[in-house]
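Engineer: What follows is a predicted protein model with its sequence.
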Amino acid sequence: MVCTDAARDLARREARPLPAAVVLPLPEATRVTTFPDFPDDDGARHDLLRRFAEDVARPANAPCFGFVAEGSATSEEGPVDVVVVAFGARGHAPRVTAAPLSADGPGEFSPAEELDEAALPFLAPLRHAVDAAAPPDAPRPPELS
């Protein structure tokens with residue numbers, strides 16, 4: 001819910017197309033980082049998110065993440081702009097949902113379903129970072145060097 005709320009907020013305050021964003025729900029506050037120049041190439045996306053995971057998610061000991069991006073889907077009426085939200089948490093398979101975009105913002109989000117391993121492969125660094133997060137009452141994992 002935190003990630004879909006972040007997607008709604010981004011749609012209200014950002015110009016279209018929406019920039020890609022990473023959402024880190026943390027105990028002290030939810031952190032939303034946008035990437036206005038998100039690369040088109042999956043390898044470059046993976047590298048960008050690997051650096052983000054190393055520099056931000058791991059040091060914050062983030063136990064979950066969300067990824068928000070604008071995309072396109074096909075409906076019975078033809079192509080539709082959508083906001084896609086992928087999210088994951090320590091020890092759980094990532095999930096994905098989407099909502100149609102209009103001038104008024106996102107509509108209803110579809111029921112979340114498990115994210116196929118082949119879909120959005122560039123999210124792997126975020127998935128690995130949250131899986132490595134220590135529970136809140138456990139000692140934090142050592143920093144990567």
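Structural biologist: On my side now, so go ahead. This structure is a prediction, so every number in the text was calculated from the model and none was measured.

Engineer: Touching the lowest-mean-pLDDT helix or strand in the chain from outside, list them.
Structural biologist: Ranked by mean pLDDT, DSSP states H and E, the weakest helix or strand in the chain is strand 105-106, scoring a mean of 89. Applying CB atoms under 8 Å, 6 or more residues apart in numbering, the contact partners of strand 105-106 are T4, A7, R8, A11, R12, V83, A99, P100. Glycine gets a C-beta too; all of them are placed from N, C-alpha and C.

Engineer: Top of those residues by number of neighbours, please.
Structural biologist: Neighbour counts for these, by other CB atoms under 10 Å, peak at A7, which reaches 29 neighbours.

Engineer: Just the C-alphas of the helix or strand encompassing V32, formatted as PDB.
Structural biologist: According to DSSP states H and E, V32 maps onto strand 30-35. Backbone C-alpha positions of strand 30-35 (Å, rounded to 0.1, in the frame of the first residue of the first chain) are rendered in PDB as follows:
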ATOM      1  CA  THR A  30       9.500   6.500   3.500                       C
ATOM      2  CA  ARG A  31      12.200   7.500   1.000                       C
ATOM      3  CA  VAL A  32      11.200   8.000  -2.600                       C
ATOM      4  CA  THR A  33      14.100   8.500  -5.100                       C
ATOM      5  CA  THR A  34      13.200   9.400  -8.700                       C
ATOM      6  CA  PHE A  35      15.400   8.700 -11.700                       C
END
